[in-house]
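**Student:** Below are the sequence and a predicted model; questions follow.
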Amino acid sequence: MTWDDFDGPSVLTPLDDFFCIGHSMQVFHHCHLMYHLVRVKKETFGGTAAMNCYFPMPFNKRAKIEMGNENERPLGLFFHVTMNYIMRKQKNIAYFQAAWGRRTCLVLDGETTFVLILQR
């Protein structure tokens, strides 16, 4: 997702990571992120999913949403965007940002420990 005239995307994540779906399994529920997974078979990965995001994502001029498929299999996609129009330009807008990255994990005492680093 790219807001207004930004040079690059403000949201750049794999779809399942954006919705906190690890290994095609539901891991938590949040009021702004909702999803429902339909399993192909019991205790298997994959299947179809309905994913809804209700985070406010304000912008002034334009929003661009792009989806990519880096898999060899075709992807079926349905989407619906709901907008609220505000006629005046917003100052000091809080743009929605989300990024995904894989980091090397820290190894302590022979066990793998993952460290979450938050930056401002």
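**Tutor:** Structure received. The shown structure was predicted, so the numbers you read here are calculated from the model rather than taken from an experiment.
**Student:** Can you pull the phi/psi pair for residue 63?
**Tutor:** phi -130, psi 140 (degrees, to the nearest 10).
**Student:** give me phi/psi at the nearest residue to it once chain neighbours are set aside?
**Tutor:** Ranked by CB to CB, 6 or more residues apart in numbering and with sequence neighbours excluded, the top spatial neighbour of residue 63 is residue 3, at 5.9 Å. From N, CA and C alone the C-beta is placed, and that goes for glycine too. Reported as degrees, to the nearest 10, the phi and psi values for residue 3 are phi -100, psi 140.
**Student:** Could you tell me how far residue 3 is located from residue 73?
**Tutor:** To residue 73, residue 3 is 31 Å away according to CB to CB, to the nearest Å.
**Student:** all strands for the protein, in order.
**Tutor:** 2-3, 11-12, 21-22, 25-26, 33-38, 48-53, 63-64, 98-99, 106-108, 111-113 (DSSP state E).
**Student:** Could you identify which of these has the lowest mean pLDDT?
**Tutor:** Lowest mean pLDDT within the strands of the chain: strand 111-113, at a mean of 57.
**Student:** So for residue 27, what's the pLDDT?
**Tutor:** 57.
**Student:** what are the ranges of the helices in the protein?
**Tutor:** Ranges of helices within the chain are 15-18, based on DSSP state H.
**Student:** now this structure, which segments are flagged as low pLDDT?
**Tutor:** By pLDDT under 70, the weakly predicted segments of the chain are 22-31, 34-48, 103-120.
**Student:** So between residue 3 and residue 73, which is more surrounded?
**Tutor:** residue 3 (20 against 5; other CB atoms under 10 Å).
**Student:** Surely that one touches residue 94?
**Tutor:** No - judged on CB atoms under 8 Å, residue 3 makes no contact with residue 94 at a distance of 10.6 Å.
**Student:** hmm, back to that, next one: the residue nearest to residue 63 from residue 65, what distance?
**Tutor:** Residue 3 is 10 Å from residue 65, by CB to CB.
**Student:** cool, residue 50 as well?
**Tutor:** Taken as CB to CB, the span from residue 50 to residue 65 is 17 Å.
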